[in-house]
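> Show me the folded form of this:
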Amino acid sequence: HVHLLESGGGLVQAGGSLRLSCAASGRIFSTMEWFRQAPGKEREFVAASSWIDGSIHYADSVKGRFTISRDNAKNAVYLQMSSLKPEDTAVYYCAARSGQVYTDPGQMNYWGKGTLVTVSS
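I've put the predicted structure just below:
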């Protein structure tokens, strides 16, 4: 049984930092990604890490501010978020799949339940 569990969300002031964690159980995934969904908006890609080719990908909106990393021994993925902006406010979801990176949430096989990040101005 596959389970993804996010943690680390919370309330932070603009310019601050947060670190999200996602622990996977049940199987090991070659590709783990972060998505987010703001109120009234569609779920959007944030970052991805694949150990098929060691690639890392970011949405343009978070490049230079967010860093994705993995601990394969722990089957976990992290998202270090810095210089947070109010527009980063969203529920952040961890997602996983076997195979290449996709930025389309419809291509992900497994999802966590999400963790809320609120950035105040």
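
> The closest residue to Thr31 other than its chain neighbours: neighbouring residues, count only.
Spatial nearest neighbour of Thr31, excluding adjacent residues (Cβ to Cβ, 6 or more residues apart in numbering): Ser50 at 4.4 Å. Heads up, the C-betas are built off the backbone N, CA and C, glycines and all. By the criterion of other Cβ atoms under 10 Å, Ser50 has 19 neighbours.

> before we move on, what about Ser49?
Neighbour tally, Ser49, other Cβ under 10 Å: 22.

> try Met108
22.

> host element of the closest residue to it other than its chain neighbours?
Leaving aside its sequence neighbours, Met108 sits nearest to Ala95 (Cβ to Cβ, 6+ apart; 3.9 Å). Using DSSP states H and E, the element containing Ala95 is strand 90-97.

> I'd like the average pLDDT over that strand.
Per-residue pLDDT values over strand 90-97 give a mean of 97.

> How about stretch 52-68?
95.

> in that stretch, what counts as buried?
Buried residues in stretch 52-68, counting neighbours by 16 or more other Cβ atoms under 10 Å, are found at 57-59, 62, 66, 68.

> how near is the spatially most central residue of the chain to Tyr92?
With distances taken as Cα atoms, centre = their mean, the residue of the chain nearest its centroid is Trp34 (2.2 Å). Trp34 sits at a distance of 6 Å from Tyr92 (criterion: Cβ to Cβ, to the nearest Å).

> Then Thr67?
On the measure of Cβ to Cβ, Thr67 and Tyr92 end up 14 Å apart.

> what is in contact with those two at once?
Residues touching both Thr67 and Tyr92 (Cβ atoms under 8 Å, 6 or more residues apart in numbering) are Leu79.

> coming back round to it: for my notes, confirm the residue nearest to the centre of the chain occurs in a strand.
Yes - counting by DSSP: H, G, I helix; E, B strand; the rest coil, Trp34 is part of a strand.

> That's all I had, so thanks and see you.
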